[in-house]
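K.L.:
sharing a model that was predicted from the sequence below.
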Amino acid sequence: MEPQVKRLKTWHAVPMSEMARNTFNPIRSIVDGMKITPNPKKPMIALSIGDPTVFGNLPIPEEIDEAVIDKIRSHKYNGYNPSIGYEEARQAVADYTSSHDAPVTSKDVILTNGCSSALDLCITVLASRGQNILIPRPGFSIYKTLGESLGIQVRFYDLLPEKSWEVDLKHMESQMDENTAAVIVNSPSNPCGSVYSRQHIEEILEVLERNRIPMIADDIYEHFVFSENKYHSMASVSKTVPILSCSGLTKRFLVPGWRMGWIVVHDRSNAFHEIRIGLNSLSQRILGPNSLVQSALNDILKNTPQSFYAETLEYIEDNAKLFYKLISEIPGLKPVKPQGAMYMMVGIDTENFTNIKDDVDFTEKLVSEQSVFCLPAKCFQYPNFFRIVLTIPKEKVETACERIKEFCDLHYNGDSRSYISC
């Protein structure tokens with residue numbers, strides 16, 4: 001008698017979680033869907049990548065390297081670390097961040113796996129399903145991605161290009177209601193390159209104070225300010241509004257892959273007692289950031305020479321000035337002069353370009369004809385602009401602008417003077 005064969009049940013498709021289904025990155029979705037085929041006769045120039053390390057033209061000083069190498073060789077930091085970070089590392093961030101107007105102690109600091117992780121924790125601890133957060137438009141796409149993945153409604157407040165991307169305060173306040181859990185503010189800004197004056201920060205804080213809404217300050221570009229402007233942190237200006245400040249090593253120290261970020265709690269009104277507990281609890285989901293990098297934080301923050309910061313800023317500001325000058329002369333384009341960070345936004349008079357529908361179409365055709373890739377501002381919820389990155393090698397700036405001009409000379413049929421002066 002033949003043995004009976006047990007029949008296996010057919011597997012049904014295993015569904016993804018609600019959070020996974022709700023996670024959507026606009027940049028990846030738009031860029032992945034674009035038809036990007038460079039002109040084979042011209043080497044590609046990517047003005048789209050926000051990673052300052054890709055071209056190798058902005059080296060970091062030996063002091064940063066040696067700080068980590070020393071900790072590797074000590075063999076003291078190969079194990080688990082406290083979920084909120086080593087005490088010495090948190091104190092180093094407190095010393096680096098603290099000012100007369102916004103004093104900070106190690107108890108106010110939580111270390112995270114990069115600034116994006118800091119933003120994730122702050123949104124998660126402040127907002128629940130059924131509530132909403134306000135984010136800038138144009139603004140960094142990760143805000144929307146993080147909020148919506150948690151089932152939180154994301155509302156936009158507009159920035160004004162004609163005012164160097166200041167906040168439209170009336171529009172911001174019109175988006176607030178009893179379910180608004182937080183407002184995210186980013187200065188210096190990605191993608192705009194804007195830097196808010198102390199007066200404008202005070203105006204933003206007045207709106208938040210009036211509506212009793214806390215702020216998440218995306219300060220990853222702190223101190224990344226060009227020579228004609230001055231950096232003011234949100235926390236140094238606030239008198240009462242509680243603020244969670246997010247920053248890290250990524251941009252100023254040019255080491256995005258090291259994934260070292262932090263949250264600094266600024267609580268002038270003693271409103272964040274539960275939030276502090278919540279941040280500590282959330283940090284336990286992942287047992288702290290990289291132990292080697294955080295163990296080196298004290299040396300990195302204290303020993304990095306000021307000349308490194310100055311030379312990096314000078315390099316990027318020189319690029320910004322050249323880009324602004326050259327693009328201002330191109331028909332159909334209107335750059336908004338950047339004040340800091342690593343980016344510049346450029347308006348496109350799409351109505352007067354032949355056979356070009358919008359910013360995505362413009363950038364696709366620019367790649368196919370001229371092998372220059374800019375990031376369409378649709379990625380930042382702001383159509384008919386594109387963003388360029390200012391960290392590219394100097395020798396590529398003029399070449400890129402020459403190609404963009406050749407493209408616009410061929411396709412633009414409007415009155416460039418009236419568009420540029422608007």
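P.N.:
Perfect, thanks for sending it. Numbering: from 1, shown residues only.
K.L.:
can you map out the strands along the stretch 251-400 of the chain?
P.N.:
261-266, 333-336, 343-348, 372-373, 375-376, 385-389 (DSSP state E, counting those that start in this stretch).
K.L.:
could you dump those to TSV with mean neighbour count and distance to His232?
P.N.:
C-beta coordinates here come from the backbone N, C-alpha and C atoms, glycine included. Shown next, in TSV, are those (neighbours: other Cβ atoms under 10 Å; distance: least, Cβ to Cβ, whole Å):
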stretch	mean neighbour count	distance to His232
strand 261-266	25	13
strand 333-336	21	20
strand 343-348	24	19
strand 372-373	24	34
strand 375-376	26	28
strand 385-389	27	24
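K.L.:
just put those in a markdown table and tack on mean pLDDT and distance to Ile300.
P.N.:
Listed next are the strands of the stretch 251-400 of the chain as a markdown table, based on pLDDT from 0 to 100; distance: least, Cβ to Cβ, whole Å:
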| stretch | mean pLDDT | distance to Ile300 |
| --- | --- | --- |
| strand 261-266 | 98 | 12 |
| strand 333-336 | 97 | 33 |
| strand 343-348 | 98 | 25 |
| strand 372-373 | 95 | 33 |
| strand 375-376 | 94 | 30 |
| strand 385-389 | 97 | 24 |
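K.L.:
can you say which of those is nearest to Leu58?
P.N.:
Leu58 sits nearest to strand 385-389 of all the strands of the stretch 251-400 of the chain, at 11.7 Å, using Cβ to Cβ.
K.L.:
wait, which of the strands of the stretch 251-400 of the chain is closest to Arg73?
P.N.:
That would be strand 261-266 among the strands of the stretch 251-400 of the chain, by Cβ to Cβ, at 24.8 Å.
K.L.:
which residues does the closest one contact?
P.N.:
85, 90, 93-94, 97, 102, 104, 108-118, 121-122, 220, 235, 238, 242-250, 272, 275-276, 279, 289 (Cβ atoms under 8 Å, 6 or more residues apart in numbering).
K.L.:
and these, which are buried?
P.N.:
Buried residues within the contacts of strand 261-266, counting neighbours by 16 or more other Cβ atoms under 10 Å: 85, 90, 93-94, 97, 102, 104, 108-118, 121-122, 220, 235, 238, 242-250, 272, 275, 279, 289.
K.L.:
per-residue confidence at Val31?
P.N.:
Val31 carries a pLDDT value of 71.
K.L.:
wait, isn't it in contact with Phe373?
P.N.:
No: using Cβ atoms under 8 Å, Val31 is not in contact with Phe373, being 9.2 Å away.
K.L.:
check which helices and strands the biggest helix by length in the chain is in contact with.
P.N.:
Counting residues, the longest helix found in the chain (DSSP state H) is helix 306-328. Secondary-structure packing of helix 306-328 (3 or more Cβ pairs under 8 Å, 6 or more residues apart in numbering; DSSP states H and E): strand 333-336, strand 343-348, helix 394-411.
K.L.:
where does pLDDT dip in the stretch 1-150 of the chain?
P.N.:
1-6 (pLDDT under 70).
K.L.:
show me where it has its helices.
P.N.:
For the stretch 1-150 of the chain, the helices defined by DSSP state H, counting those that start in this stretch occupy 18-22, 26-33, 62-74, 87-97, 115-126, 142-149.
K.L.:
just to revisit the earlier point, do you know which of the strands of the stretch 251-400 of the chain lies nearest Asn190?
P.N.:
strand 343-348 (5.8 Å).
K.L.:
and the closest one, what does it pack against?
P.N.:
Looks like strand 343-348 contacts helix 306-328, strand 333-336, strand 385-389 (3+ Cβ pairs under 8 Å, 6+ apart).
K.L.:
buried deepest among those, which one?
P.N.:
The highest mean neighbour count among these, using mean count of other Cβ atoms under 10 Å, belongs to strand 385-389: a mean of 27.
K.L.:
that one: partners in the sheet, and parallel or antiparallel?
P.N.:
Counting by DSSP bridges, the strands paired with strand 385-389 are strand 343-348 (antiparallel), strand 375-376 (antiparallel).
K.L.:
of all those strands, which one comes closest to Gln294?
P.N.:
It is, among the strands paired with strand 385-389 and with distance given as Cβ to Cβ, strand 343-348, at 28.0 Å.
K.L.:
name the residues that touch that closest one?
P.N.:
50, 138, 161, 165, 189-193, 320, 323-324, 327, 332-338, 356, 359, 362, 374, 377, 382, 384-390.
K.L.:
again with stretch 191-199
P.N.:
Taking Cβ under 8 Å, 6+ apart as the rule, stretch 191-199 contacts 138-140, 159, 164-167, 187-189, 204, 225-226, 229-232, 237, 320, 336, 338-345, 375, 377, 380, 387, 390.
K.L.:
hmm, which of these are the buried ones?
P.N.:
For the contacts of stretch 191-199, buried by 16+ other Cβ under 10 Å: 138-140, 159, 164-167, 187-189, 204, 225-226, 229, 231-232, 237, 320, 336, 338-345, 375, 377, 380, 387, 390.
K.L.:
which parts of stretch 171-188 are buried?
P.N.:
So, applying 16+ other Cβ under 10 Å, buried residues of stretch 171-188: 172-173, 175-176, 180-188.
K.L.:
so Tyr86 sits against Leu292, correct?
P.N.:
No: Tyr86 is beyond contact range of Leu292, at 11.0 Å (criterion: Cβ under 8 Å).
K.L.:
nearest to Val397, of the strands paired with strand 385-389?
P.N.:
strand 343-348 (11.3 Å).
K.L.:
need the phi and psi values for Leu244.
P.N.:
phi -100, psi 110 (degrees, to the nearest 10).
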